[in-house]
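Novice: would you be able to build a 3D model of this:
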Amino acid sequence: MATVPVSLAPTEYGTDQDVAALSRLSFITAVHPDIILTHILTRLDGATLATTASTSSHLRLLCADEDLWQKICAATWPSLTDPTTSHVISTFPAGHRSIFYDAFPSLHHNSPSDPYRLPPPPPPPELISAVDIYYNGEPMFSRVHRTETEKNWFLTSPFCVEMLEPDGMVPTPVRFSLIFEEWARHMEESLRLSWVVIDPTLKRAANVSSRRPVWVRRHWLTRDLEAAFAIVMEAEEVRCWVKVTWCGKFGRKVYVRKVKMEMEDAEGGHVRGEEAVGILQRAMESGVRKRVVVDGGGCGVEAVMKSYEKFSCMVKERRKRKHRRQEMMDVASTLLAFAVFLLFCFLIYSTNNLLTYDEHVSGCIA
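Specialist: So this is what the prediction gives:
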């Protein structure tokens, strides 16, 4: 008869492992909830707090504290402390916990929508963008922008959200360097960006930034530094761009000159505002969220870069096909025009010959 291991030997209360689990649970429930909230849970970051909430019903109840999640969201995204976003977040089903679950992971909208689902909701009257830029882990730029989505100029124009006025510049702690290659490499390693798009109607949100720049380069005309952040929504065959422009023409100080978001289709063209709002709504509802470890590399960063490079190759290939198709249409149009010209000349020549023949016959008869 097989012997049962001592560690798994059944007892009056179950196996030894069950007894150990019950002992740990009894220890947790024996601690006063205020002590757990004040001295333990306040020391956790958002991801760890979410994991802790899944361990037991007792901890789940404690980890649902709104003040905890409000402090975590404020530390992660300083822009969410703005009264505009605070009011909208208060209407979410779980408050700041909902916004964290939506915006903290990376958005992967790479599976087609269910064709039998309910029709999409109408466009919201506005979208709220909460943008935070970090330098060496410290926030240095935080802005909130409300975009009205019901105006005709927005619906029919290329989708673009500008966080700064055309003549607005924001000073930063970044130092200007005359050696551009070193400066660009330093900025690529030090910059992080979060762009949280909030739909007040759906009460959903999504982070449409790659967190880390996909490239940093100098503008060919202005010579300013440009940093680009991008995510690819494969289900929609679009890429969401966030571009930040820096200028260092005032001594050695560096200023943020432009922060804008655009959307690009698979052929490199701009997406209209009406289409972009629908894409963002579908991404908020059905997009998969995955945690991405930005600092220190890792599979998350590699997956984001691989998706970006794959989409870039697809855009180049489609542009080439479109260019070849246009060239073929140009050749066909030229040949058709030449054929029409030859036919026109032939008709004129035939008409002249016919008139000459008629005059000759008339003269012979006369």
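
Novice: who does the helix ranked longest in the chain touch, helix- and strand-wise?
Specialist: For the chain, the helix reaching the highest residue count under DSSP state H is reported as helix 299-365. With contacts defined as 3 or more CB pairs under 8 Å, 6 or more residues apart in numbering; DSSP states H and E, the packing partners of helix 299-365 are strand 225-233, strand 238-250. All C-beta spots, glycine's among them, are computed from the backbone N, C-alpha and C.

Novice: could you give the angle of it to strand 225-233?
Specialist: Comparing the axes of helix 299-365 and strand 225-233 via axes from the mean of the first three to the mean of the last three CA atoms, to 10 degrees yields an angle of 90 degrees.

Novice: by how many degrees do helix 299-365 and strand 238-250 diverge?
Specialist: 100 degrees.

Novice: centre of the chain to helix 299-365, how far?
Specialist: Relative to its parent chain, helix 299-365 has a centroid offset of 40 Å by CA atoms, centre = their mean, to the nearest Å.

Novice: do the same with stretch 92-101
Specialist: So, by CA atoms, centre = their mean, the centroid of stretch 92-101 is 19 Å from its chain's centroid.

Novice: tell me where the stretch 51-200 of the chain has helices.
Specialist: All helices of the stretch 51-200 of the chain, identified by DSSP state H, counting those that start in this stretch, fall at 57-63, 66-76, 83-89, 96-103, 152-156, 180-190.

Novice: could you measure from residue 85 over to residue 144?
Specialist: Taking CB to CB, to the nearest Å as the measure, residue 85 falls 6 Å from residue 144.

Novice: please name the nearest non-neighbouring residue to residue 213.
Specialist: With CB to CB, 6 or more residues apart in numbering as the measure, residue 227 is the residue that lies nearest to residue 213, at 4.6 Å, once sequence neighbours are left out.

Novice: what of residue 162?
Specialist: Closest residue in space to residue 162, ignoring its immediate chain neighbours: residue 260 at 4.8 Å, by CB to CB, 6+ apart.

Novice: now do residue 262
Specialist: residue 241 (4.6 Å).

Novice: tell me the pLDDT of the one you found.
Specialist: pLDDT recorded at residue 241 is 92.

Novice: need the pLDDT of the residue lying closest to residue 271 once chain neighbours are set aside.
Specialist: With sequence-adjacent residues excluded and distances taken as CB to CB, 6+ apart, residue 271 is closest to residue 263, at 4.0 Å. At residue 263, the predicted lDDT confidence score is 95.

Novice: try residue 124
Specialist: pLDDT at residue 124 comes out at 88.

Novice: so who does residue 125 touch?
Specialist: Taking CB atoms under 8 Å, 6 or more residues apart in numbering as the contact definition, residue 125 lies against 148-150, 201.

Novice: same check, this time on residue 193
Specialist: Residues counted as contacts of residue 193 (CB under 8 Å, 6+ apart) are 131-134, 209, 211, 213, 227, 229, 242, 244.

Novice: 10 Å - rerun?
Specialist: Listed by CB atoms under 10 Å, 6 or more residues apart in numbering, the contact partners of residue 193 are 131-134, 141, 207, 209-213, 227-229, 242, 244, 259.

Novice: looking at the sheet around it, what are its partners?
Specialist: With beta bridges defined as DSSP bridges, residue 193 has these partners: residue 133.

Novice: could you check how far the residue nearest the centre of the chain is from residue 161?
Specialist: The centroid of the chain falls nearest to residue 208 when counting by CA atoms, centre = their mean (2.2 Å). Using CB to CB, residue 208 is found at 10 Å from residue 161.
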